[in-house]
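S.K.: I'll drop the sequence and a predicted model, then ask my questions.
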Amino acid sequence: MTVKPILTFSCFILFLIGCTEKKETTFSEMLKDEPSIIGKTKYLTSPYVTAGNRIYMVGHQDGSFPELGWHVKGEMGGIWNHPIKLMDGFDIHLNWADESYSLNSAHSFTNYPYTNKHHFLINEKALEIERWQFVPDDNEGLVVQIHIINKGVSTQSFSVDFVGHSDLRPTWLGERTDMIDSQDLANFNDVINGWVVKDEKNPWFVCYNSQLVPERTTNTNQKYKGNGVSNALSYSITLKPNESKTITFAIAGSYKSEKAAITTLHTIQNSLPTLVKKKKNRYQKLANQTKLNIPDKRLEQTFEWLKYNCDWLVRTVPEIGTGITAGIPDYPWWFGVDSEYALQGYMAVGQEDAVYKTIKLLDSVSEAVNGNGKIIHEMSTNGAVFNDGNINETPQFATLIWRIYQWNGDKAFLEEYFPTIEKGLKWLMDTNDLDKNGFPEGFGMMEIHGLDSEMIDVAVYTQKAFADAAKIADILEKKALANTYEAVAANLKDKINTDFWSEDFNSYADFIGTDEQTLHLIEDAIIRADTLKKPWSIAEMEQTKQFVLDNPSDKPRPFVLHHNWVVNTPMEMGIADNDKALRALETAKNYVNPFGVFVTGIDRDESAGSNENTYIAPPIFTYTGAVMTLPTGVSAIAENNYGRPNEALDYLERMTRSFSYALPGSMYEVSPDFGMMAQAWNIYSYAYPIVHQFFGIQPNAAEKEVVISPQMPDMWNEASLENIKIGDNEISVYYAKNNGKPSIKVKQTNTDWNLILKTIHTKQPKDYKGEIAISENETIVTGQGETISITY
């Protein structure tokens, strides 16, 4: 044990570096009037995240830091500064002579867009404590603040111990880049009046202190697995009745040097109010961009917080790049397909910086690893690529680039990424279309063992990729290539609507495969269904098995076997024939529960088709039997594509039931409370149907025009979407319906853009003197200026 005397000269030096005791600005003051959501008591033993682009922290809502996660078993919680971990967590103890109280059993948890709070009560001592944590932008550090109030009638004297549990270790796949963990070594640093911990064999550091000078510093027993160490800082506190005390702890790290870590520590201790204000202002801008106002306030709140969730998932490792990560806590690194869905939503809500940086990262790494246009699937934050790409990711990249171009109108953007698209489509067909029938073979979104023949989602996304690549090639004046791509797309659209359609099931097939492959898959699926106690699934598959045996074929053919969600992708991409689409959408309704769409239809349970929430969490997490947000969002988009906004809204409402279900302010990957507690592609599932379809916003930034063609659900008699960034313009759309007659008003900041308003109402609008075209199907109003509108 080391006892630190408080000397006058030491205090003077500490004053110079900003470590003297002073009146602290509390988070309660700094976050006054900020939006917040209080969590449920029964989910206090489930995770939360305090997020930043360099550092984030994962613990439990009760204030504890259990060993959680499976990707690196038991290590996905704590404090991470990718590509290394800094700490397993920390403990804060309040100690009296004869008893101790630890801040790990919170009475409530409150989430804010960019910080969070645990609330503790020590009733026998009449103490109330708030514990806050905050991660500033672009800093390798975070702040933990406790605010203690004496609510009693007598003076309380006690000590506060802050115990840091270091665990300087590499991220997942660290061994592939020679990141080898070793023992942590701790030293008390007199200059910062805090602990500095170093990995013995690596330049990895974590340090922590408070604004106070500790009275004691101790080494304590490490309670976590691994090579970490535990060390304490102790402070004596005396509180009179109604008096309060604030202690602000700072934690900082570096995977380069001690100097960098200590510099960060000083920055966040000395500049906390400024850093909070900076992040507060940035988050207010996130909230105001693509700002939704609808009658359903629950869905409106969900949409707002998903924009915050998007920002939580941006991860920067300067040596590699910046990009959105898939999910927290077990997927805090970069993915191809997750980004290809999510970035469409990010762009629609105005978070374009994350879009461009993620695309650049995926493209550059894919080129370095593959070199043939194939897009990677999964890469850890140390640069190690785990999976160099599934088949669907390469065509989906082409569609992503085209859709982002519609928002930015930047020809140079197309020129930069078209070489990857061109090489990728060549690789896709030359290498993977083994029988040359136009359908590439291999894993798509469904990673089921053996399900790697000609998959419906791969076929659909391939068709869309060629259609979009044709448009890009045309803009880049590659006319012959554009014609070739267009022909491939047209042929694939016809073949998907014939070769993949199953008249018996009123559905598109999961896959096209041989009888031998299908019989193996049926046997595996029967075992799965039997394990899950799904007798109806077993009966259906036994029937399919008998059909295959009774009607053998020496050629591959379509099979509806698993009823996977991907059978809805022809409607998601709008390439399904109208009659088939409507029948397939009705079939899809059999595979939903109150929270959304089953990933694998044969896993559906007795909640299928019901709106009644009878959910009971299973004892052990598994993706088997899962209902997920992406399949549900795809179904919403699919319904809208065929003029069914009420059905689309139903899917959004199902997803919204899982908002704040476990983590306030967030939506889990697996509905309602399993998997990742924050998931990137959730924004695709909301932003695409709301922005592009309900409000009907079709950007064409290259031509400086926007088409607005709303198709609102019947329940939305009044709705607005404000501050939608398109190119160098920003528009706001206001919709209302009175006595069945719609009115639309659009405002824009750049008045030389063309605004094109479309409605299915076919009568002359009131008081409009601009260009009007009325047909038997719609009314089109075109104009420039600050505001144009249609009113009936």
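M.R.: That came in fine, so what should we check first? Residues are numbered from 1 along each chain as shown.
S.K.: Domain ranges for the chain, per the record?
M.R.: As recorded under automatic domain parsing, the domains making up the chain are 2-283, 289-461+562-691, 695-790.
S.K.: For residue 540, find the nearest of those.
M.R.: domain 289-461+562-691 (7.6 Å; C-beta to C-beta). Placement of C-beta: from N, CA and C, glycine included.
S.K.: still on that earlier bit, okay, the domains of the chain in a markdown table with distance to residue 532 and mean pLDDT next?
M.R.: Formatted as a markdown table, the domains of the chain follow (distance: least, C-beta to C-beta, whole Å; pLDDT from 0 to 100):
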| stretch | distance to residue 532 | mean pLDDT |
| --- | --- | --- |
| domain 2-283 | 21 | 93 |
| domain 289-461+562-691 | 6 | 94 |
| domain 695-790 | 34 | 91 |
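S.K.: got JSON lines for those domains, with mean neighbour count and distance to residue 537 too?
M.R.: What follows is the domains of the chain, written out as JSON lines (neighbours: other C-beta atoms under 10 Å; distance: least, C-beta to C-beta, whole Å):
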{"stretch": "domain 2-283", "mean neighbour count": "19", "distance to residue 537": "27"}
{"stretch": "domain 289-461+562-691", "mean neighbour count": "21", "distance to residue 537": "4"}
{"stretch": "domain 695-790", "mean neighbour count": "17", "distance to residue 537": "33"}
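S.K.: Please convert those domains to JSON lines, extending it with distance to residue 525.
M.R.: Below are the domains of the chain laid out as JSON lines (distance: least, C-beta to C-beta, whole Å):
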{"stretch": "domain 2-283", "distance to residue 525": "25"}
{"stretch": "domain 289-461+562-691", "distance to residue 525": "6"}
{"stretch": "domain 695-790", "distance to residue 525": "36"}
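S.K.: Quick one: closest of those domains to residue 538.
M.R.: Ranking these by proximity to residue 538 (C-beta to C-beta) places domain 289-461+562-691 first, at 8.9 Å.
S.K.: quick revisit: among the domains of the chain, which comes closest to residue 472?
M.R.: Using C-beta to C-beta as the criterion, the shortest distance between residue 472 and the domains of the chain is 5.3 Å, found for domain 289-461+562-691.
S.K.: Just the endpoints, please. Distance across that closest one?
M.R.: 12 Å (C-alpha to C-alpha, to the nearest Å).
S.K.: quick one: which of the domains of the chain is nearest residue 468?
M.R.: With respect to residue 468, and counting by C-beta to C-beta, the nearest of the domains of the chain is domain 289-461+562-691 at 3.8 Å.
S.K.: and the next element down the chain from the longest strand along the chain?
M.R.: When the chain is parsed with DSSP state E, its longest strand is strand 156-170. Per DSSP states H and E, strand 156-170 leads on to strand 184-189 as the next helix or strand towards the C-terminus.
S.K.: pull the CA atoms of that next one into PDB?
M.R.: Below are the C-alpha coordinates for strand 184-189, written out as PDB (Å, rounded to 0.1, in the frame of the first residue of the first chain):
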ATOM      1  CA  ASP A 184      -0.100  -6.300 -17.500                       C
ATOM      2  CA  LEU A 185       2.100  -4.200 -15.300                       C
ATOM      3  CA  ALA A 186       0.800  -1.300 -13.200                       C
ATOM      4  CA  ASN A 187       2.600   1.700 -11.700                       C
ATOM      5  CA  PHE A 188       1.200   4.700  -9.800                       C
ATOM      6  CA  ASN A 189       2.100   7.900 -11.600                       C
END
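S.K.: re earlier: indicate which one of the domains of the chain is closest to residue 556.
M.R.: Comparing those by their distance to residue 556 (C-beta to C-beta), the top pick is domain 289-461+562-691, with 7.0 Å.
S.K.: next one: phi and psi at the residue nearest the centre of the chain?
M.R.: Using C-alpha atoms, centre = their mean, the residue of the chain that lies closest to the mean C-alpha position is residue 680, 1.8 Å off. Residue 680 has phi and psi values of phi -60, psi -40 when expressed as degrees, to the nearest 10.
S.K.: contacting residues for the closest residue to it other than its chain neighbours?
M.R.: Leaving out its chain neighbours, the residue that sits closest to residue 680 by C-beta to C-beta, 6 or more residues apart in numbering is residue 342, at 3.9 Å. Shown here is residue 342, whose contacts under the criterion C-beta atoms under 8 Å, 6 or more residues apart in numbering are 310, 324, 680-684.
S.K.: can you put those in a markdown table and add secondary structure and distance to residue 169?
M.R.: Listed next are the contacts of residue 342 as a markdown table, based on DSSP: H, G, I helix; E, B strand; the rest coil; distance: C-beta to C-beta, whole Å:
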| residue | secondary structure | distance to residue 169 |
| --- | --- | --- |
| 310 | helix | 28 |
| 324 | strand | 24 |
| 680 | coil | 25 |
| 681 | coil | 29 |
| 682 | helix | 30 |
| 683 | helix | 31 |
| 684 | helix | 33 |
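S.K.: Show me which of these is closest to residue 76.
M.R.: Within the contacts of residue 342, proximity to residue 76 (C-beta to C-beta) peaks at residue 680, which comes in at 16.5 Å.
S.K.: Identify the residues contacting that closest one.
M.R.: 310, 313, 324-327, 338-339, 341-342.
S.K.: And these, which is closest to residue 113?
M.R.: Out of the contacts of residue 680, the one with the shortest distance to residue 113 is residue 310. That distance is 11.1 Å, counting by C-beta to C-beta.
S.K.: Spit out the contact partners of that closest one.
M.R.: Listed by C-beta under 8 Å, 6+ apart, the contact partners of residue 310 are 286, 324, 342, 345-346, 349, 351, 354, 680, 683.
S.K.: repeat that for 6 Å
M.R.: When the contact criterion is C-beta atoms under 6 Å, 6 or more residues apart in numbering, the partners of residue 310 are 346, 351, 683.
S.K.: could the residues you listed go into CSV alongside distance to residue 60?
M.R.: Written out in CSV, the entries for these read as follows (distance: C-beta to C-beta, whole Å):
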residue, distance to residue 60
346, 29
351, 29
683, 26
